[in-house]
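J.: Fold the following for me, if possible:
(chains A and B)
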Protein chains: 2
Amino acid sequence: MSEHEQKDRDPVPTGGALVGDWSPHEAELLIEAGVFTLRKIRATSPSDSGKVGEFVYIDAPDWVNVIALTDEDQVVLIEQYRHGIGAVTLEIPGGTVDAGEDGVNAGLRELAEETGYTGDDVEVIGTVTPNPAILNNICTTLLVRNAKCTRATELDAMEEIAVRLEPLERIPALIREGKINHSLVLAAFHFFDLLEG
Amino acid sequence: MSEHEQKDRDPVPTGGALVGDWSPHEAELLIEAGVFTLRKIRATSPSDSGKVGEFVYIDAPDWVNVIALTDEDQVVLIEQYRHGIGAVTLEIPGGTVDAGEDGVNAGLRELAEETGYTGDDVEVIGTVTPNPAILNNICTTLLVRNAKCTRATELDAMEEIAVRLEPLERIPALIREGKINHSLVLAAFHFFDLLEG
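T.: Here you go, the predicted structure:
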């Protein structure tokens, strides 16, 4: 079995059977750098062509993000400088699910570490593939209600984060204006809207 | 100026000024593999700490995706095997904006190449940062109305794509069921809902 197949979770549900699964062969490690593990895989098409291609992807841990709402329907947002885009972004808290950690626990941990907020009502409201073409992971979105600031933040060495509360009703405007623009944050609020709608 | 700063477009709007921008230094090329160009950058914090970190990111071309609606409110979807997640996904058409290409033209080109559909009413409905922590690009979402199948598809060598029409009103169910799970596709439909709402 290739390393590609060893993700320890249920398969992502897919849309149908008009096209078939390619058969992956052994994956080759290209580089480990920073948060990236890059692997190259050869795979054979299920079509009559039988063609074989090489595809590079990022072997990444699963991610989690959290919509945390206070009793007064304020959303707990964070501002931080993001080195990919080279700018300060406005996001919901989130991060990486550690090895052996449960996604819900990871989300509550990231919420507490990044913002100092904790809550007593937690629900998984959706799961996305952040980018199924180039990443092998999923991102789960939690909804935490009754969020309160109960503790000090606990940031990683290179994290510099400001907490910012915004009324839930302002979120659509922040997205329209492009001030919230992270795709995983939009996906999270889309799940929230599907829940409420 | 570092390569990091040379993206030829307006800055992504950001949420505020509670945290400052880090100062990036020269970026170093780590690897070019498949669709990936990985760079490492050193950056200095704007805070009193003055700390310096190294950050790895993917230097990627901008992306575009397209919600194409027929006269009968059918959405033009595609099924394809995605080698990152190792499964068949259900998505809207999209792809890479070529060097020197306009985002709208790129979207219409990808729509036509992947599905054979063209349309006569095109609108940019939103832009996301696919992952501002690890990617330096943006993804623009187009809405194309009056989409009709007018030509043959024109697939890349390794693309095997099936076109699938779904009623617009079925999209929320497909997302709830996890059959549409690509974060950029959810973000696209979120922009669509903000437009309609």
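J.: where along chain A do the helices fall?
T.: In chain A, the helices defined using DSSP state H lie at A:103-115, A:171-176, A:183-196.
J.: Near A:Ala99, how many other residues are there?
T.: 7 (other C-beta atoms under 10 Å in any protein chain shown). Glycine gets a C-beta too; all of them are placed from N, C-alpha and C.
J.: any idea how far chain B is from it?
T.: 19 Å (C-beta to the nearest C-beta, to the nearest Å).
J.: For the residue nearest to that residue when sequence neighbours are not counted, the count of nearby residues, please.
T.: Excluding its sequence neighbours, the residue lying closest to A:Ala99 (C-beta to C-beta, 6 or more residues apart in numbering or on different chains) is A:Pro61, at 7.2 Å. Neighbourhood size, A:Pro61 [other C-beta under 10 Å]: 17.
J.: pLDDT score for A:Pro61?
T.: Confidence at A:Pro61, expressed as pLDDT, is 97.
J.: cool, A:Tyr117 as well?
T.: Reading off the model, A:Tyr117 has pLDDT 98.
J.: Surely it touches A:Asn146?
T.: No. In this structure, A:Tyr117 is not within contact of A:Asn146 by C-beta atoms under 8 Å, at 10.1 Å.
J.: Among these two, which residue is more densely surrounded?
T.: Set A:Tyr117 next to A:Asn146 and count neighbours by other C-beta under 10 Å: A:Tyr117 wins out with 23 against 13.
J.: which residues does the more buried one bridge with?
T.: A:Tyr117 has these beta-bridge partners by DSSP bridges: A:Cys149.
J.: tell me the contacts of it?
T.: With contacts defined as C-beta atoms under 8 Å, 6 or more residues apart in numbering or on different chains, A:Tyr117 is in contact with A:68, A:76, A:93, A:111, A:144, A:147-150, A:163.
J.: what about A:Asp121, neighbour count?
T.: With other C-beta under 10 Å as criterion, A:Asp121 counts 10.
J.: Please tell me I have it right and it contacts A:Asn146.
T.: Yes. Assessed by C-beta under 8 Å, A:Asp121 is found in contact with A:Asn146 at 5.4 Å.
J.: and the residue positioned nearest the centre of chain A, how far is that from B:Gly116?
T.: Centrality entry for chain A: nearest residue to the mean C-alpha point is A:Cys139, 3.4 Å, by C-alpha atoms, centre = their mean. Remark: distance between A:Cys139 and B:Gly116 (C-beta to C-beta, to the nearest Å) = 32 Å.
J.: ok, now A:Ile138?
T.: For A:Ile138 relative to B:Gly116 (C-beta to C-beta), the value is 31 Å.
J.: Of those two, which one has the most company?
T.: A:Ile138 (24 against 16).
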